[in-house]
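[1] Any chance you can model this:
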Amino acid sequence: MKLGFIEGANGVTGSRHVIQVGEHAVLRDCGLVQGRRKEAEVLNRNLGFDPGRLDAVVLSHAHIDHCGNLPSLTKAGYQGPIHATTATCDITKVMLKDAAHIQEQDAAYLNQKTSRKGLPEVEPLYTAADADVVNKLFVPHDYHQRIELAPGIVLEDYEAGHVLGSSLGRFELSAAGHTVTVGYAVDLGRRDLPLIRDPELMTGLDVLVMESTYGNRLHDDAREAPEQLRSVCAATLERGGKVLIPSFALERAQELLFHISSLMIQGKLPKVPVYLDSPMAAEISRVFDQSHDYMDEGFVEVQGEMICLLCPPWIQLSASVKQSKAVTASDEPCIVIAGSGMCEHGRIRHHLKHGIGNERNSIVLVGYQAAHTLGRRLEEHDPVVTIFGDEFSVKAEVTKLDAFSAHADRRDLLACVRASGASKVYLVHGEQDSREALAEAIQAEGLAEVVLPSRGEWYDLV
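    Sure thing, here's the model as predicted:
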């Protein structure tokens, strides 16, 4: 029995882990590496394992750093099942369609530049046709349904409380009279999020593989998110500015819509236009409206009164590029929610290009910003940033709202380790300082032996 940490071990993107029992193997997630373009390109094109050896793929959730390289997997010959919850299957189809479009656009842009220099054409990492192949392989299932993925490998999913349909994986591995129970808490959510049910705790584990994104810090209480959002929006709108919110299309955009509409209904924010400038986020919001079984009971009750996330008259969808450009060019006080969440792609870059130099505006960061991304440079208050190859002075107010994180903090992560009963914990999905701080905290309590795997490392379980 072995665990292979192919990618996403000592970093927060590109999750790919292999569980091997004898001649059988299962892949847990197949995400895109994000960050420096050239480095990410190499890591995304090299899967780091032989897809032909896989019996199955298990997908934890639909964020692109966990599902975004599935088309590369099928391009390389994988034709087996991809197991996930029903909501994750539905949302991943939307995410991959958009990701393929970005890959094609990026390749076209680079080819315009290289053709002038007489260099070879760049092939997109994958295309929309490749993403369609993935869609045919999904096998949806429910939480707590026991599934034999391969001889000696049985899966049971638990609620992760991270995004809609997200799951923690409990894997029972058996071979030669030995049984080892491995839990995957990557990604692990937090309690009291408004849309998503609270995460469940896995118990009776021998080994725990756990994320460490925020292993070195504590979040603000998630229940403080509405007031944090109200404060920065109200101040910006009062001075006649725009509120620009880079947002992940999955969960964060829907949470923002919910909070903003609730604040406007309560009279705590003026009913200015709220532009959801993300066709993908709009499509995912429709999935939310059809997935009440996966959602927090309290939200479903409010949802009944509000009809749906997209129905309030102040919510306006910028479906076309022309509509998006009109919002960008307008000087009206408004709130703009656009992807991508780390400002690496999507329409938010156009809004930033035109609005970053206006001191009346605000840029509100509501999610994790990976190293080397434009979002991280804004979070670190770089005075000058580069957008589309041009430099811009940052005069807009930049605010980070910590209450919006959908990742567990150190307190939640330690609770997960305590409940698990695991004697060994592998910390992944975190920058090195976060992993080391969390490892120290786990060992200080005497909870378990801690391992910090690196990219490409394999470990024997028995």
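[2] so where's the chain uncertain?
    298-308, 310 (pLDDT under 70).
[3] for it, what spans make up the helices?
    Along the chain, the stretches classed as helices by DSSP state H are 37-45, 64-67, 70-75, 86-116, 128-135, 225-238, 252-265, 279-289, 297-306, 321-329, 348-355, 374-379, 410-420, 432-444.
[4] now those helices in a markdown table, with mean neighbour count and distance to Val336?
    Where C-beta positions appear, they are placed from N, C-alpha and C, glycine not excepted. Output for the helices of the chain, formatted as a markdown table (neighbours: other Cβ atoms under 10 Å; distance: least, Cβ to Cβ, whole Å):
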| stretch | mean neighbour count | distance to Val336 |
| --- | --- | --- |
| helix 37-45 | 15 | 25 |
| helix 64-67 | 26 | 21 |
| helix 70-75 | 24 | 30 |
| helix 86-116 | 18 | 18 |
| helix 128-135 | 18 | 27 |
| helix 225-238 | 18 | 11 |
| helix 252-265 | 22 | 11 |
| helix 279-289 | 21 | 12 |
| helix 297-306 | 13 | 21 |
| helix 321-329 | 14 | 6 |
| helix 348-355 | 22 | 6 |
| helix 374-379 | 20 | 15 |
| helix 410-420 | 19 | 31 |
| helix 432-444 | 17 | 31 |
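[5] Out of those helices, which is closest to Gly183?
    Nearest to Gly183, of all these, is helix 410-420, at 5.8 Å by Cβ to Cβ.
[6] which other helices and strands contact the closest one?
    Here helix 410-420 touches strand 207-211, helix 432-444, going by 3 or more Cβ pairs under 8 Å, 6 or more residues apart in numbering; DSSP states H and E.
[7] and it, how far out from the chain's middle?
    21 Å (Cα atoms, centre = their mean, to the nearest Å).
[8] cool, and stretch 312-320?
    24 Å.
[9] How about residues contacting it?
    With contact meaning Cβ atoms under 8 Å, 6 or more residues apart in numbering, stretch 312-320 is reached by 257, 261, 264-265, 271-279, 282, 306, 309-310, 323-324, 326-327, 347.
[10] returning to what we had before: dump the helices and strands packed on helix 410-420 to a markdown table, plus distance to Met342.
    Formatted as a markdown table, the helices and strands packed on helix 410-420 follow (distance: least, Cβ to Cβ, whole Å):
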| stretch | distance to Met342 |
| --- | --- |
| strand 207-211 | 17 |
| helix 432-444 | 17 |
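[11] could I have stretch 193-203 exported to PDB, CA atoms only?
    Written as PDB, here are the backbone C-alpha positions of stretch 193-203 (Å, rounded to 0.1, in the frame of the first residue of the first chain):
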ATOM      1  CA  LEU A 193     -20.900  29.400   6.100                       C
ATOM      2  CA  PRO A 194     -24.300  30.700   4.900                       C
ATOM      3  CA  LEU A 195     -24.900  28.400   1.900                       C
ATOM      4  CA  ILE A 196     -23.000  25.200   2.700                       C
ATOM      5  CA  ARG A 197     -23.600  22.600   5.400                       C
ATOM      6  CA  ASP A 198     -21.000  22.300   8.100                       C
ATOM      7  CA  PRO A 199     -18.200  19.800   7.600                       C
ATOM      8  CA  GLU A 200     -18.400  16.400   9.100                       C
ATOM      9  CA  LEU A 201     -15.700  14.800  11.200                       C
ATOM     10  CA  MET A 202     -14.100  11.500  10.100                       C
ATOM     11  CA  THR A 203     -13.200   9.200  13.000                       C
END
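[12] ok, now how distant is the residue nearest to Tyr184 when sequence neighbours are not counted from Gly183?
    Spatial nearest neighbour of Tyr184, excluding adjacent residues (Cβ to Cβ, 6 or more residues apart in numbering): Gly169 at 4.1 Å. For Gly169, the distance to Gly183 (Cβ to Cβ, to the nearest Å) stands at 7 Å.
[13] contacting residues for the nearest residue to Val207 once chain neighbours are set aside?
    Nearest in space to Val207, with sequence neighbours left out and distances taken as Cβ to Cβ, 6+ apart, is Val182 at 4.6 Å. By Cβ under 8 Å, 6+ apart, Val182 lies in contact with 3, 19, 170-171, 173, 205-209, 461.
[14] Return the member of the residues you listed nearest to Asp65.
    The closest of those, once distances to Asp65 are taken by Cβ to Cβ, is Val209, at 15.8 Å.
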